[in-house]
Every structure is written in C-alpha cells, then in structure tokens.
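Undergrad: sharing a sequence plus its predicted fold:
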Amino acid sequence: SAVISQKPSRDICQRGTSLTIQCQVDSQVTMMFWYRQQPGQSLTLIATANQGSEATYESGFVIDKFPISRPNLTFSTLTVSNMSPEDSSIYLCSVNAGFSLNEQFFGPGTRLTVL
Amino acid sequence: QKEVEQNSGPLSVPEGAIASLNCTYSDRGSQSFFWYRQYSGKSPELIMFIYSNGDKEDGRFTAQLNKASQYVSLLIRDSQPSDSATYLCAVNILGGGGGNKLTFGTGTQLKVEL
C-alpha cells in the first residue's frame, strides 16, 4: 500500500473563508480521490483528481465550491471555498494502489470545523 | 433503494465468537468488493477485498461474495475487543465511466464484549 499524508490534520475556520487541504503520496499513483465524511455518516465521493486535466466531480459537488488541483502523480489539493457550518466534516484523500492497483487506500483525513 | 446497504448495528458479539457482517448492493455491474475497518476518529483501513464468487480467507477474516444474490459478507473469527469498530462495505463499478470509484455503505458498528 501507499503511504499517504494530509495537511492540515484539523482546522477550525470562520464562515465565508476557504481552506486548502493537501494530500501527498510516497509513490506515483494514477488515481487520486477526495471524499467527505460528515459526522456519523459514511463516505461520499466528491471528485476524482485527474493529473493534467480538470477533476471529475460527482453529482452534488461543483468546481466552484471544491476546486481541486493535481499537478503531478504524487500530490493533490482540495479547496473548500466560501465555507459554511454545513461544510464541517472530515475530508479524506485516497489513492489506488496495491498488487492489482484496484485497491483504494485512505489518508489520515482532515477534520474541518466551520463556525 | 440505496446502492450499498448495511445494517447499522450495533452488532454485539462475545469475545471469541464469530462476527458476521453483511452487505447488499443494487448494481449487477459491480465488479469489486471491499471491506474497510474504521476506528472512531480514524480513517478507513482496507482489510479485505474480493473479486470472484466464493470465499476468500485472510487470517481471522473471511470475505464471501455471491453475485447472483448481490451480497457480500465479512466473517471475523475469534473476535477480539480490538475488532470493535465500524466496518464499511464498498463496491466498485467498472465501466460506464465509473473508473475506480467506490460507493460505500453506511457501515456496521461491531462491539466485541469481554
């Protein structure tokens, strides 16, 4: 499996501001994903971060609210823009790795609280 | 109908017993199936994956897949208190632009009691 780190691990932000979350992998990976896990809920895919092209967003998520960058095969960022308390959640990046490159591994997550 | 369904629990089992966790999915095009363990305050950890019908064993864990009935299960033998966590079932639908996206169930909380 890949070793994945995220920064920051947690943050408390004011309404209306933006936060950029970084995801770093210790090896080159083709697929990187961003998920959200709201309190007491399961994981919801926000988007697939594509290297060299725009991210692919899931229904209900838009680029203006969650801009994503993927400058290379080991790094991605997710920005949560114009935050509201409803954005309070854990944000997780994940990558495909493993023997068949089909298994997905998660970073430690970023716990975001919006006041 | 939810795409991936799990009983939220909590499922309580005594230490040393077999814990049985079940998951059903709605899309017959699903190809790959994963079980993640998530401790409170931590990120999900992949513990098992299965791609073919039948059983797959890894230590105390056995994953079972029945594509005809559209269910996948996880058995934990000799349950330990350290197994107490939420277990998430995830399904991957290949093709149709799905790529390697995973759809998660809501998770089953397992409690192993002394």
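TA: Done, it's in.
Undergrad: show me which residues of chain A sit near chain B.
TA: By the rule Cβ under 8 Å from any Cβ of the partner chain, the part of chain A lying against chain B is A:1, A:31, A:33, A:41-45, A:48, A:56, A:90, A:92, A:96, A:102-109. (Each C-beta comes from the backbone N, C-alpha and C, glycine too.)
Undergrad: now with 6 Å, please.
TA: Contact residues, chain A versus chain B (Cβ under 6 Å from any Cβ of the partner chain): A:M31, A:S42, A:L43, A:L45, A:L92, A:N96, A:N102, A:E103, A:Q104, A:F106, A:P108, A:G109.
Undergrad: redo those residues as CSV? Include pLDDT and neighbour count.
TA: As requested, the residues of chain A next to chain B are exported to CSV (pLDDT from 0 to 100; neighbours: other Cβ atoms under 10 Å in any protein chain shown):
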residue, pLDDT, neighbour count
A:M31, 87, 19
A:S42, 89, 21
A:L43, 94, 26
A:L45, 94, 20
A:L92, 98, 25
A:N96, 88, 20
A:N102, 79, 17
A:E103, 88, 18
A:Q104, 91, 25
A:F106, 96, 23
A:P108, 97, 15
A:G109, 97, 22
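Undergrad: three-state assignment of the residue of chain A most remote from its centre?
TA: Distance from the centre of chain A peaks at A:F99, with 23.3 Å (Cα atoms, centre = their mean). At A:F99 the chain is in coil, as set by DSSP: H, G, I helix; E, B strand; the rest coil.
Undergrad: helix/strand/coil for A:F33?
TA: Going by three-state DSSP, the state assigned to A:F33 is strand.
Undergrad: count of neighbours near it?
TA: 27 (other Cβ atoms under 10 Å in any protein chain shown).
Undergrad: who does it bridge with?
TA: Bridge pairing for A:F33 (DSSP bridges) gives the partners A:T48, A:S94.
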